[in-house]
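Engineer: Generate coordinates for the sequence data below:
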Amino acid sequence: MDVQRVDVAIVGSGFAGIGAAVRLRGAGREDFVILEKGDTLGGTWRDNTYPGCACDVQSHLYSFSFAPNPDWTRTFARQPEIRAYLERVADRFGVRDRIRYGAEVTEARWVGRGWRLRLREGGEVHARVVVWGTGALHEPSVPDIPGLDEFAGTAFHSAQWRHDHDLTGRRVAVIGTGASAIQFVPAIQPRVASLSLFQRTAPWVLPKPDRPVPAAVRRLYRAAPALQKLQRALIYARNEALVSGFLKPRRMAVVERIARAYLHRVFADRPDLEAKVTPDFTIGCKRILMSNDYYPALKRPGVDVVTEKIVRITPDAVVTADGAEHEVDTIIFGTGFTVGAGLGKSVPIIGRDGVRLADSGVVEAFLGTTIAGFPNLFVLTGPNTGLGHSSMIYMIESQLNYVLDALRVLDEHGAVALDTRRDRQDAYNAELQRRLEGSVWTAGGCASWYLDEDGRNRTLWPGYTFQFRRRTRKVRPADHELLA
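Structural biologist: Numbers count the residues shown, from 1 in each chain. Reported below is the predicted structural model:
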């Protein structure tokens, strides 16, 4: 059997995985490998190629602090440009040759002094440390609708876009109104014969302040990098100003007024449609979306916003609870992803004493990064590290500070492994839930993927990102057990 032995195994080659590799090399730690199940790097920005795919965080902030890009062409970069940026980072810092493609991890098991990672191809990787960088949202979620398997047309998820399926003249059903749908709906609408948008919950949508970055400005950023750094800082500060509103829903009133005014302005001549797309919860309870063309697309001929519940799918139609049969030949799911699929659900992760991570029911972590009973496992973008206002790259870099310092602690103490103390993890998560009480996510009047079946928010960080940065700056050995 092919067995590769390394000090650190990184799972995934998106922003988290590439960032981890760059930071390891920068610290002089060269004994690592990146395990990537695909045939190219890029993570979510490789997988999501649907029309209109773009970031909803400003480009200058949605990038590594150690690799600023003065050449962003738009305020909010689109998918091809983001993927190209990540490719350049891999090349610039010399980590591309550390990627092992087609290396899909099917099991991770702690075997006493390290981890054994089994690969679908049949080999194994043995590593002292595992950095799990697959991301929280990467496994497409498709609802189990009766009759879907009998549909005679073409059906696919937005994250698995069928570019070989020409939508010109098609009768298309779009199921879901999340962040992906509001981008691809206006992109495909001009080509299709009809578009039925099945909306379970209307999202709050704000105008997107997106515009091209003039060539002169890009030249200025290249000549004076400090100016781009200042721009990044200004964007960061402006985004952080939203945090108080998320924690105190009453403070979201100003943002909600802006959203309502935008909605009313677009649908002033269509009060019937305005009523359909007006949310019934406090803005921020679900992810706030940004678009300049989503609302206008819903007003165009051939577009129907359907709010009745879907009950079944026939070979040529989507049937709703009112008995209406919406004839379609294409179904596109914009229904998001399975939350936390990478944490012991789709891939078994087995820690000390043979405990499976998925068996705990609820996955919690310490600082969103380490998990009691799973030594030397560092989860990037783990539980309660998500954001509703800023860049996840900032959070990833914060976690990488913690990972590098944990390796330093292991070296200084001559320890084999670091395992988080259960009492410290429990106390930390109790603190998080106290801070989340009364926030817009729990008291905003909506049901969202942020909450688990018990109504607890296991997804988002309840505060300012600089607070998370401060807490992950250094490892406190007292929070962990050092294993010899």
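Engineer: Please, where are all the strands along the stretch 51-200 of the chain?
Structural biologist: 99-101, 105-110, 115-119, 124-132, 154-157, 171-175, 194-198 (DSSP state E, counting those that start in this stretch).
Engineer: closest one to T465 among these?
Structural biologist: Across the strands of the stretch 51-200 of the chain, T465 has its closest neighbour in strand 124-132 (20.4 Å, C-beta to C-beta). Placement of C-beta: from N, CA and C, glycine included.
Engineer: F15 is nearest to which of the strands of the stretch 51-200 of the chain?
Structural biologist: strand 124-132 (12.7 Å).
Engineer: what's the angle from the closest one to strand 105-110?
Structural biologist: Inter-element angle recorded for strand 124-132 and strand 105-110: 80 degrees (by axes from the mean of the first three to the mean of the last three C-alpha atoms, to 10 degrees).
Engineer: Strand 124-132: which residues count as buried?
Structural biologist: V125, A127, R128, V129, V130, V131, W132 (16 or more other C-beta atoms under 10 Å).
Engineer: how about those, which pair is most distant?
Structural biologist: Maximum distance among those (C-beta to C-beta): 14.4 Å, for R128 and W132.
Engineer: Redo the strands of the stretch 51-200 of the chain as CSV? Include distance to E437 and mean pLDDT.
Structural biologist: Converted to CSV, the strands of the stretch 51-200 of the chain look like this (distance: least, C-beta to C-beta, whole Å; pLDDT from 0 to 100):
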stretch, distance to E437, mean pLDDT
strand 99-101, 43, 98
strand 105-110, 34, 97
strand 115-119, 36, 98
strand 124-132, 29, 98
strand 154-157, 34, 98
strand 171-175, 33, 98
strand 194-198, 34, 98
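Engineer: Next, count neighbours for W449.
Structural biologist: 17 (other C-beta atoms under 10 Å).
Engineer: pretty sure it is touching N457, no?
Structural biologist: No. Between W449 and N457 there is no contact, the gap being 10.3 Å when judged by C-beta atoms under 8 Å.
Engineer: before we move on, back to that, I'd like the buried residues of strand 124-132 as TSV, with distance to D166 appended.
Structural biologist: What follows is the buried residues of strand 124-132, written out as TSV (distance: C-beta to C-beta, whole Å):
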residue	distance to D166
V125	42
A127	45
R128	50
V129	47
V130	43
V131	41
W132	39
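Engineer: so which of those comes closest to F93?
Structural biologist: Taking these together and measuring to F93 by C-beta to C-beta, the closest member is V131, at 15.8 Å.
Engineer: In contact with the closest one, which residues are there?
Structural biologist: For V131, the contact set (C-beta atoms under 8 Å, 6 or more residues apart in numbering) comprises V8, A9, I10, V11, A16, G17, A20, F378, L380, V403.
Engineer: taking those residues one by one, which sit in strands?
Structural biologist: Among the contacts of V131, the residues falling in strands (DSSP state E) are V8, A9, I10, V11, F378.
Engineer: mind listing the helices for the stretch 51-200 of the chain?
Structural biologist: Ranges of helices in the stretch 51-200 of the chain, per DSSP state H, counting those that start in this stretch, are 79-92, 181-188.
Engineer: which other helices and strands contact the first one?
Structural biologist: The elements that helix 79-92 packs onto, with contact taken as 3 or more C-beta pairs under 8 Å, 6 or more residues apart in numbering; DSSP states H and E, are helix 15-26, helix 44-47.
Engineer: tell me which residues in the longest one are buried?
Structural biologist: The one in question is helix 15-26. Buried positions in helix 15-26, judged by neighbour count with 16+ other C-beta under 10 Å: F15, A16, G17, I18, G19, A20, A21, V22, R23, L24.
Engineer: closest one to F374 among the strands of the stretch 51-200 of the chain?
Structural biologist: strand 105-110 (6.7 Å).
Engineer: What strands line up against that closest one, and which way round?
Structural biologist: strand 115-119 (antiparallel), strand 349-350 (parallel) (DSSP bridges).
Engineer: Would you mind finding the most buried of the ones you listed?
Structural biologist: Each of those was scored by mean neighbour count; the highest is strand 349-350, a mean of 24, by mean count of other C-beta atoms under 10 Å.
Engineer: what sits up against it?
Structural biologist: With C-beta under 8 Å, 6+ apart, strand 349-350 has contacts from E107, A108, R109, W110, W132, L343, R356, L357, A358, F374, L377.
Engineer: Which of those residues has the largest number of neighbours?
Structural biologist: Most surrounded of the contacts of strand 349-350: other C-beta under 10 Å gives W132, at 28 neighbours.
Engineer: picking that back up, any chance of the strands paired with strand 105-110 in CSV, with distance to T168 too?
Structural biologist: Formatted as CSV, the strands paired with strand 105-110 follow (distance: least, C-beta to C-beta, whole Å):
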stretch, distance to T168
strand 115-119, 41
strand 349-350, 45
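Engineer: Could you point out the longest helix of this structure?
Structural biologist: Assignment by DSSP state H gives helix 392-413 as the longest helix of the chain.
Engineer: got the buried residues for that helix?
Structural biologist: Buried-residue list, helix 392-413, by 16+ other C-beta under 10 Å: 392-407, 409-410.
Engineer: And stretch 297-311, by the same measure?
Structural biologist: Quick answer for stretch 297-311 (16+ other C-beta under 10 Å): A297, L298, V303, V305, V306, I310.
Engineer: Where does pLDDT dip in the stretch 201-350 of the chain?
Structural biologist: Low-confidence segments of the stretch 201-350 of the chain, defined by pLDDT under 70: 339-342, 344.
Engineer: any chance you could map the helices in it?
Structural biologist: Under DSSP H, counting those that start in this stretch, the stretch 201-350 of the chain gives helices at 215-223, 225-240, 243-247, 253-266, 271-276, 294-298.
Engineer: where's R471 relative to S398, distance?
Structural biologist: In this view, R471 and S398 are 8 Å apart by C-beta to C-beta, to the nearest Å.
Engineer: Break this structure down into its domains, please.
Structural biologist: Domain assignment of the chain by automatic domain parsing yields the ranges 3-139+338-483, 148-209+236-332.
Engineer: closest one to A223 among those domains?
Structural biologist: Nearest to A223, of the domains of the chain and by C-beta to C-beta, is domain 3-139+338-483 at 8.7 Å.
Engineer: what's the burial count for the nearest residue to A152 once chain neighbours are set aside?
Structural biologist: Counting by C-beta to C-beta, 6 or more residues apart in numbering, A152 lies nearest to P315, which is 4.0 Å off, once chain neighbours are set aside. P315: 9 surrounding residues under other C-beta under 10 Å.
Engineer: do the same with A193
Structural biologist: Neighbours of A193 using other C-beta under 10 Å come to 12.
Engineer: what's the closest non-adjacent residue to it?
Structural biologist: Spatial nearest neighbour of A193, chain neighbours left out: G169 (4.9 Å); criterion: C-beta to C-beta, 6+ apart.
Engineer: gap between the one you found and E256?
Structural biologist: Relative to E256, and taking C-beta to C-beta, G169 is found at 39 Å.
Engineer: Equivalent analysis for W45, please.
Structural biologist: 31 Å.
Engineer: okay, these two: which has more neighbours?
Structural biologist: The neighbour count for W45 versus E256, taken as other C-beta under 10 Å, is higher for W45 (23 against 18).
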